[in-house]
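# have a look; sequence and predicted model below, questions after that.
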Amino acid sequence: MSVRCLSPLFVLLMVVSIGAVSGATGLKCYLGDEVSFKPNPTLSSGSTITWKFWSAVGSVIRVIEFDHGESTHPHNPLFKESIAADKYTGELTLKHVKKDHSGLYYFEINGKEQEQKFTLQVMDQSSGVMAGICVSLLLLVMAAVVIYSHHKMRHQGVDAHEVKSVSVMEGHSVTLHTHFIDMQTEDVIVWRFGPEKTRIVTINLEANSFLEFADVLDGMFRDRLQVDSQTGSLNITDIKTQHSGLYQMIISGKQKTSYTFSVTVFARLPVPVISQNSSQCSTSSERSSVSKCVLLCSVMNVTHVSLSWYNESHVHSSISVSDLNIRLSLPLEVEYQDTNKYRCVINNTFTNHTQHLNITQLCQLNQCSDCGSCCHGPESMIRLVIAAVVGVATVAVLVYDLQI
């Protein structure tokens, strides 16, 4: 934009700013015109009125002064032979105005500045036309910015090439927010699910219709789906682990837009179960007389969880799994004289469950004090059975010999 275009706009802004700050009355005229400033109060006999001018560059000039009906003209060349005054009303008139006459006009009565003020903007015909053209150009630029911003706001949600991850607990509700605004009547919204991109919901805004495909995928979405007609966001109620997967929203209209979400549904966590692993009970008799107890913390049918043994506030051991529906176990070896300072914790993104260890209840010394009777129980039983059979056979032989 040229300096010639900006110049009249700058003058206009300066005059408007002065008027806004001072509460002045704004006046406009063209070069060579005549303009008058009329004070509100009625001057009384003997009053002295002084008109002053504050130019756009900040200089203050005394324009004219009335004293008992007489007037004196300052020798400032800017107003020489350009002003006329009414000694009864105090009205000031500028004739053959020039551009330099643009600025703020105010007056004093008996040396006291009055609140009433005037701003004057002097334009020539060409500058007025140029200012109008510049204002029109500025309005066009502003309109373009508004249109661009409006278009950008319509798509201010998830980027079309971005996959947004969403996690939710089983049994809860989740909303896949697109933040898409200002839906058009010709837009058609389609939500799809899974690797096969199975259609689950269609909304036709022009027809004001909502169609849920309740029977697809064995009816897993029946009576669970709601769609916001203003943004296209999808709400899933009472969500289950089977609802984990990719969701895609497609908007078809003047422009085609799509959004993709990856939803992970976490199952409700079971409470860990702590038990003694009798097949691995041990003794440290080779090193000392202190026996140890091997325990297992177990959970069934879990996914995306971590299982940990804590010694007070410190992690003793931990294991994580992301597979579906497996049994997860974590061993712990303790000494019989240990205090109950251990706990087993299962947790995922949303919640956790804790089971505290009771060593006295689970680890009884007489069960594993002799590693031979504990770890080799089945072998001892076989020996006992064999011994019994041999004993019975021996008795039978003796009885047979006695009968003979």
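Alright, I've got the coordinates. Numbers count the residues shown, from 1 in each chain.

# could you list the low-confidence segments of the stretch 201-350 of the chain?
278-290, 323-324 (pLDDT under 70).

# same question, the stretch 51-200 of the chain
Ranges of the stretch 51-200 of the chain meeting pLDDT under 70: 56, 68-71, 73-75, 126-132, 134-136, 138-161, 180-182.

# can you pull out the strands in it?
Ranges of strands in the stretch 51-200 of the chain, per DSSP state E, counting those that start in this stretch, are 60-67, 70-72, 83-85, 92-94, 103-109, 112-123, 163-169, 174-176, 188-193, 198-204.

# would CSV of those with mean neighbour count and distance to Ser47 be doable?
For glycine as for every other residue, the C-beta is placed from the backbone atoms N, C-alpha and C. Converted to CSV, these look like this (neighbours: other Cβ atoms under 10 Å; distance: least, Cβ to Cβ, whole Å):
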stretch, mean neighbour count, distance to Ser47
strand 60-67, 17, 8
strand 70-72, 11, 12
strand 83-85, 17, 13
strand 92-94, 20, 15
strand 103-109, 20, 6
strand 112-123, 18, 11
strand 163-169, 15, 77
strand 174-176, 18, 75
strand 188-193, 22, 77
strand 198-204, 18, 77
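
# now the ones you listed as TSV including distance to Ile319?
Below are those laid out as TSV (distance: least, Cβ to Cβ, whole Å):
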stretch	distance to Ile319
strand 60-67	85
strand 70-72	102
strand 83-85	97
strand 92-94	93
strand 103-109	81
strand 112-123	80
strand 163-169	21
strand 174-176	28
strand 188-193	32
strand 198-204	35
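
# His314: which of these is closest?
His314 sits nearest to strand 163-169 of all these, at 27.7 Å, using Cβ to Cβ.

# C-alpha coordinates for that closest one, CSV please?
Provided in CSV are the C-alpha atoms of strand 163-169 (Å, rounded to 0.1, in the frame of the first residue of the first chain):
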residue,chain,number,x,y,z
VAL,A,163,-4.3,-40.6,14.6
LYS,A,164,-5.5,-39.4,18.0
SER,A,165,-5.1,-42.0,20.9
VAL,A,166,-7.9,-42.3,23.4
SER,A,167,-7.9,-44.5,26.5
VAL,A,168,-11.0,-45.4,28.6
MET,A,169,-11.9,-47.8,31.4
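
# what lines up beside it in the sheet?
strand 257-266 (parallel) (DSSP bridges).

# buried ones in the strand it pairs with?
Thr257, Tyr259, Thr260, Phe261, Val263, Thr264, Val265, Phe266 (16 or more other Cβ atoms under 10 Å).

# name the next helix or strand downstream of it, please.
strand 273-276 (DSSP states H and E).

# give the buried residues for that next one.
Ile274, Gln276.

# now do the helices for this protein: every range, in order, please.
3-22, 125-154, 359-362, 365-368, 371-375, 377-403 (DSSP state H).

# need the residues that contact the third one.
Okay, so that is helix 359-362. Residues outside helix 359-362 that contact it (Cβ atoms under 8 Å, 6 or more residues apart in numbering): Ile274, Ser275, Gln276, Cys293, Leu295, Val334, Tyr336, Asp338, Thr339, Asn340, Tyr342.

# now the second one. Nearest residue, chain neighbours left out?
This means Ser275. Spatial nearest neighbour of Ser275, chain neighbours left out: Leu296 (5.5 Å); criterion: Cβ to Cβ, 6 or more residues apart in numbering.
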